[in-house]
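Enquirer: from the sequence below, what's the structure:
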Amino acid sequence: MLSFLQGQLVEACPQHIIVQVGGLGIKVNIPPSFYFDLPGPGAEITVHTVLQLKDDEALLYGFHDSVERDFFKILTGVTGIGPKVALALLGHLTLPRLVRALETEDLQALSAVPGIGPKTARRLIYELKEKIATLKMEETGPLPTREVDSWLTVEEALLGLGYAPREIARARNLLGKENGSVEEIFKKALSILAGE
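Expert: Presented below is the predicted three-dimensional model:
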């Protein structure tokens, strides 16, 4: 049904945003990582959406791009994974990092997400490993580019130093599409995180 919204950002917090479309203020639930990519209130934005009907209410979930939106749909198709847990996964792990954790059966990375215990992490791996392999073969799938691979290395190093995923997402947002070696990107990210 609703594939995306385009309108003015009225309000934003890590859990949801309000987008004004026409004369309507539409509440959209988002992963926390999306919050750090948002412009200031008043800016025009496009949000890729999923509409879910639950009991007597309609809930709208929004994402940075269609790949993340489609992955949210895949996550909520896993037994025992509801929208809140799917948002937590996408909010605490970048999409490439989440894909890598599923591929490499990284129970520690998945279990570090609030709401995901070892049992749920195993279920995610079991149900999604084959789907991810299929997705990566398709052009529309979340294929890691050289830039994404470089950032994954930087992200893992920063996580190893004890930085929170939220802080790392903010650093990436401030860096933008940074070119250079992994070492150069890592040093720039460290400078941002250190507040220099």
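Enquirer: care to break this structure down by domain?
Expert: Per the record, the chain has its domains at 4-63, 67-137, 146-193, by automatic domain parsing.
Enquirer: excluding its backbone neighbours, what's nearest Glu156?
Expert: Arg97 (8.0 Å; C-beta to C-beta, 6 or more residues apart in numbering). The way it works is simple: take the backbone N, C-alpha and C, and place the C-beta from them, glycine included.
Enquirer: so that neighbour lies in a helix, does it not?
Expert: Yes - counting by DSSP: H, G, I helix; E, B strand; the rest coil, Arg97 falls inside a helix.
Enquirer: how much space is there between it and Val154?
Expert: Going from Arg97 to Val154 by C-beta to C-beta, to the nearest Å gives 11 Å.
Enquirer: ok, and what's touching the helix ranked longest in the chain?
Expert: Determined from DSSP state H, the single longest helix within the chain is helix 118-137. Contact with helix 118-137 is made by 74-75, 78-81, 85, 99, 102-103, 105, 107, 110-111, 116, 141-143, as judged by C-beta atoms under 8 Å, 6 or more residues apart in numbering.
Enquirer: stretch 154-164 too?
Expert: For stretch 154-164, using C-beta under 8 Å, 6+ apart, the contacting residues are 94, 97, 165, 167-168, 171-172, 182, 185-186, 189-190, 193.
Enquirer: from Ser33, how far out is Pro14?
Expert: Counting by C-beta to C-beta, the gap from Pro14 to Ser33 is 9 Å.
Enquirer: between the two, which one's more packed in?
Expert: Per other C-beta atoms under 10 Å, whichever of Pro14 and Ser33 has more neighbours is Ser33, with 25 against 14.
Enquirer: skip ahead from the helix or strand bottoming out on mean pLDDT in the chain and say which helix or strand is next.
Expert: Every helix and strand of the chain was ranked by mean pLDDT, DSSP states H and E. The lowest is helix 146-160, at a mean of 66. Sequence order places helix 165-175 as the next helix or strand after helix 146-160, per DSSP states H and E.
Enquirer: ok now that following helix, how far from the chain's centre?
Expert: With C-alpha atoms, centre = their mean, to the nearest Å as the basis, helix 165-175 stands 12 Å off its chain's centre.
Enquirer: which strands and helices sit next to the very next helix or strand once past that helix?
Expert: Next in sequence after helix 165-175, counting helices and strands by DSSP H and E, comes helix 182-193. Counting contacts by 3 or more C-beta pairs under 8 Å, 6 or more residues apart in numbering; DSSP states H and E, helix 182-193 packs against helix 146-160, helix 165-175.
Enquirer: no further questions, thank you.
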